[in-house]
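no sequence on this one, just coordinates:
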């Protein structure tokens, strides 16, 4: 479907056109006229002759020329009929303002499905419903009824009209930056975040994509698309609805689901998205990424005219893991040439009053710092922009000179400069000049540092992505093995949702996990024979489709060697199991080798409601159970992501060997995580997999227990995640 | 010393008066005149006749009338001589602008000591050196040379002139709030943070104290004073210099030390200080605490005119552990009376367009919410202040009506209201009105929520403080026992800094820790006899002043019972120890009972460079060593702090019993922490104490090993922390 006809529409029908100035059916026409939309405007209302001087049509089907987009402002009940007409007219897209759909729960969801079916039937794309509308700034196509939206190169996608209004107002009052598009995503009934992302990713007028998200309908597709888009341009995102109340609040107005914030955070990061926690940073970060080159090497110089701002900035950049390197001797010499003797020439550079009488020296310092090979970006903090207020009026002009010179340095050095000025709210001309050159200025140290961090994050992402050419492939379905499918089919036929332990292990074995295929003994005699074949100490475990928690059922016995012990243990287990669940089907006992000592690992997968399958990694025992020291990733994994998962838990040093123990085989753990990822992708019928415990040895791993639970066959995701 | 004569000075000498407009010796006189200082101004400069029409004196001693404060603007080298003259004149306080003292390291520190000695000799108090100056707003005593500082009830203490300038500029441009005093604390050579805190704590014109701190010279005294001051009025503090670079930056301009940020955070919190992490929040939080009543019960209602702001606000308040309670049925009914059917009447309340045509309805909603007993404070978020811009110009007046009505509700209900408005930067009259009534308005959701959280934190602090009357007494020196002192003296005489294990245990025993006094066997035969007396399995451990790490030396043997085993073990240990450190003095072996199983605990103390003795608590083994799951407190402990320390580690659930184990005796752990606190306070000669491990049982604890290290006798803190 070509979204271009929607976003570059040349003809608009306003269905529900009105003469009432407070109605959207009036405001939209007024704004289209005021903003100078160059295409055709067709008011539609059977009761009116004309609106604001434009002929009104009784139905969209009465319009002779083609209609690209219809803005539907009529009440929810009328919408199916209107959609029918739009379909017959051949409209490419509709913007549905009305609420009363999915956000109301089940009853609304049915109405939503109805209009989505109509859209599919007629090949119409829907923005909304329950949306504030859409603006395409380039051709002055403004369907929101909001005047004077500043033009620029940021595409804004928001699930809240008020947050969009907030960002637009911020741009208008505080910046020289504006927007290429705005879309109020609404309920995502038809068009979803990932489709908008794809379109804006290709749009030549958009440099940065800014998103406010409460819940993603298609999280997995969104991540796939984001992986592609972030290689072309930065995507900045704030995801709200973390808290229970926040989620309730989000749910009540978008009908969306919000998932585990921990999973979301790492998933967005892996996809190269710049995730924002503090809404104050949302517009500034998009502005900085849009204006300035990204930073590859994470090294920033701070230039300050006072100690306090320098100290706080150093703290903040350090919190963001940004390097504040020492300066080259050559740089120090240059700086010493303009600055007084008591200036601090380490990084942060403190001019120590050296600019009080002549702030144009800032430009000399900036040049010296940007010429330094150790420095990839420059943060200037303090009073710049207010020297005329603080010291003497004529200093304003010296600041302006410095602003012109520094403005040109961005292109010359291809290194970013960001300003923090305590006089930002005083509207000084020098700061206006900086903004004209694309240098962002903020009153807040936190925001200025966050923007610098975003440039570093995005630069590092692009850099490591290309270097190691990490792939995030979402389609391993092809890797499914016939024997694996057979195991699942078998369980399905027997109406089981849980695979038996031997089945689960066989599945892992099929995908090359080094697991001893445990043998199942149906009698005590068989158990003795199987143990003899294995040699050494063995473990017996009950096998029964009716018993999931084997230990609870008294169904596990460890460290058995003599035939007598094995025989007695077999009988005990059978008696215990029968007692635990009378009438349970008892297949027999699994006989396996006693595993050597090592570090206990737990690996688990489950289905996240937003992102589909996710994987968890942690160290067995209290570290997972009590301390909750685990890492999560959305599946599938790249090897890099698997390595990071292992490295980022707090207890990771245990894997390197503590208290005289040797390090464990991390490569084998990475392999195992990759295999789990492959299996989950290959068999979408799997709901959950638990490998608990896996014992990691100095050389290799042993899988002690494995559990696989299947999805309910009714689950529509059984065929595809 | 009476600081009142300094801060309410009636006569000021400007030493280093100047005719040069760019010099402080000119600017200060000009500002005193412009701001209308009502006392006497005495320029001092032997080379001048007069400055700005005021007679100039050759020396401060030439002035006939008394001089309360001298502003010294002359270079560092001249200062001792100037101090001598001020001393002879009987000046109460001096403000020393010049740098070149402690911030330069050792050389500067000597100069600083010299002027402090002079101050002591003449009973003068020093503000600075290396300060931007001092302002006492009430009597227009402005020694900073900064015009138009807004007056109000916030006392500002800052270790950075630029941060002070930032906060003052923010107050001027963004608020109707101002300051009672400003002090640039500088190097704290003489007057320290705690002394300023005490003075402003008593000052009737100051409602809130706002501090920017890079490093505290006297952290312990500061905490003591803060404990007293925060009961009277809120103290808001930002401490920078957390990072290495930040610390370097701070050190280079205040010469102060910065300590462990984790320790600082909990110490400030315990003292009732509101600690700020994000400098953007510093002024707003002080403003809110100064204007609004604190919140005791942590329950907030959110009123919104759009979903996005409500969702983000709910997330943020939840992050701050604030309760967003459901509303009373009565409240919902009232709200349903003014709001449309689709409005959300749960909390957050979303007016769903119900105010678009009449924003005065905000006041009706606010009243309904404040009348609800479940609600202790109200956060209003969204477009208020911009209805005239967004919808129709005349709505401005309805907003103003609502502002007047809500402004009066603060007093009527004694519950706070805070506004977030996306139109905050648009300078609307309705927001100006809200500020007039003391209702703070911010553009940032984060800042608005942080202010609400500060009201909750301060309210809860006052509430729990009074209820449980927690004491934070810094003087247990009286608890020292003669026998304890004797142990320390003995070690000192023997030139040992480490107490022997039996000595350390005896020290703990003296203070009622239930510890078996281990007996030391000098021969294998004695060991056998001592073991017989104890009965059951025993442990042998080497006792030697030369061996600290007993396990490394092969000096520990566990689980011995038969006389033969004990004899052999004794001999082994002696041989190992001799091999480990040839010539070491070997006192013998300690004989102690084998301890029963339980949870291993580690308790340690050390001296923090800012706050003096601090204590650490954690669970033994990997949880402390690898996961670093520990809690810290500044000593001495209250029982509440000891309980919190135990409860706040991540592995705390282990103490409640996991995997079928019984809970451990937490009271015994609290007792032990309290005793350690008492011992550290009682014997300032102790540098470090390590109890590792302590075994916590279902009933009681066992102390397995104890180590006490003494301070170097040269350390001046040996007599007092």
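Yes, it's here. Note that the structure is a prediction, hence the values are computed from the model and not measured. Numbers count the residues shown, from 1 in each chain, chains lettered A, B, ... in the order given.

Number of residues surrounding residue A:57?
Neighbours of residue A:57 under the rule other CB atoms under 10 Å in any protein chain shown: 21. For every residue, glycine as well, the C-beta is placed using N, CA and C.

With residue A:225 instead?
21.

quick one: it is in a helix?
Yes: residue state for residue A:225 (DSSP: H, G, I helix; E, B strand; the rest coil) corresponds to a helix.

Surely it touches residue A:197?
Yes: counting by CB atoms under 8 Å, residue A:225 does reach residue A:197; the two are 4.9 Å apart.

Can you name the residues that contact residue A:139?
With contacts defined as CB atoms under 8 Å, 6 or more residues apart in numbering or on different chains, the neighbours of residue A:139 are A:8-10, A:37-39.

Now it, what are its backbone angles?
Backbone torsions of residue A:139, given as degrees, to the nearest 10, read phi -100, psi 30.

And for residue A:688?
phi -150, psi 140.

ok, the residue nearest the centre of chain A to chain B distance?
In chain A, the C-alpha nearest the mean C-alpha coordinate belongs to residue A:268, at 2.4 Å (CA atoms, centre = their mean). Per CB to the nearest CB, to the nearest Å, residue A:268 is found 16 Å from chain B.

ditto for residue A:149
With the distance defined as CB to the nearest CB, residue A:149 ends up 13 Å from chain B.

Now that residue. Nearest residue, chain neighbours left out?
Counting by CB to CB, 6 or more residues apart in numbering or on different chains, residue A:149 lies nearest to residue A:168, which is 5.5 Å off, once chain neighbours are set aside.

Likewise for residue A:192?
residue A:218 is the one closest to residue A:192 (CB to CB, 6+ apart), at 5.0 Å.

same thing with residue A:384?
Once flanking residues are discounted, residue A:384 sits nearest to residue A:421: 5.3 Å by CB to CB, 6+ apart.

Spell out which parts of the stretch 101-250 of chain A neighbour chain B.
Residues of the stretch 101-250 of chain A lying near chain B by CB under 8 Å from any CB of the partner chain: A:158-163, A:165-166, A:169-170, A:173-174, A:212, A:214, A:238, A:240-246, A:248-250.

do that again at 7 Å, thanks
Neighbours of chain B within the stretch 101-250 of chain A, by CB under 7 Å from any CB of the partner chain: A:160-163, A:165-166, A:169, A:173-174, A:212, A:214, A:240-243, A:245-246, A:249-250.

one step back: mind checking pLDDT for the residue nearest to residue A:384?
For residue A:421, the pLDDT comes out at 97.

so how many other residues sit close to it?
25.

same thing with residue A:449?
Close neighbours of residue A:449, defined as other CB under 10 Å, add up to 28.

Run a quick neighbour tally on the residue lying closest to it once chain neighbours are set aside.
Among residues not flanking residue A:449 along the chain, residue A:316 sits closest, at 3.9 Å (CB to CB, 6+ apart). Residue A:316: 26 surrounding residues under other CB under 10 Å.

quick one: secondary structure of residue A:316?
Quick answer, by three-state DSSP: residue A:316 is helix.

Quick check: it touching residue A:445?
Yes: judged on CB atoms under 7 Å, residue A:316 makes contact with residue A:445 at a distance of 6.4 Å.

follow-up on the earlier one: and the residue nearest to residue A:449, how far is that from residue B:492?
Residue A:316 sits 46 Å away from residue B:492, going by CB to CB, to the nearest Å.

can you check residue A:118 too?
From residue A:118 to residue B:492 the distance is 92 Å (CB to CB).

Compare these two (neighbour count), which wins?
Each of residue A:118 and residue B:492 has its neighbours counted (other CB under 10 Å); residue A:118 has more, 21 against 14.

The more buried one sits in which helix or strand?
helix A:106-122 (DSSP states H and E).

Counting by contacts, list what that helix packs against.
Applying 3 or more CB pairs under 7 Å, 6 or more residues apart in numbering or on different chains; DSSP states H and E, we find helix A:106-122 packed against helix A:79-89, strand A:125-127.

so who does the closest residue in space to residue A:542 that isn't next to it in sequence touch?
Nearest residue to residue A:542 in three dimensions, chain neighbours excluded: residue A:555, at 3.1 Å (CB to CB, 6+ apart). Applying CB atoms under 7 Å, 6 or more residues apart in numbering or on different chains to residue A:555 gives the contacts A:541-542, A:547, A:573, A:576-577.

among the residues you listed, which are in helices?
A:573, A:576-577 (DSSP state H).

any chance of the residues you listed in JSON lines, plus neighbour count?
Formatted as JSON lines, the ones in helices among the contacts of residue A:555 follow (neighbours: other CB atoms under 10 Å in any protein chain shown):
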{"residue": "A:573", "neighbour count": "25"}
{"residue": "A:576", "neighbour count": "18"}
{"residue": "A:577", "neighbour count": "22"}
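
Going by distance to chain B, which of the residues you listed wins?
Comparing the ones in helices among the contacts of residue A:555 against chain B with CB to the nearest CB picks out residue A:576 as the nearest, at 18.1 Å.
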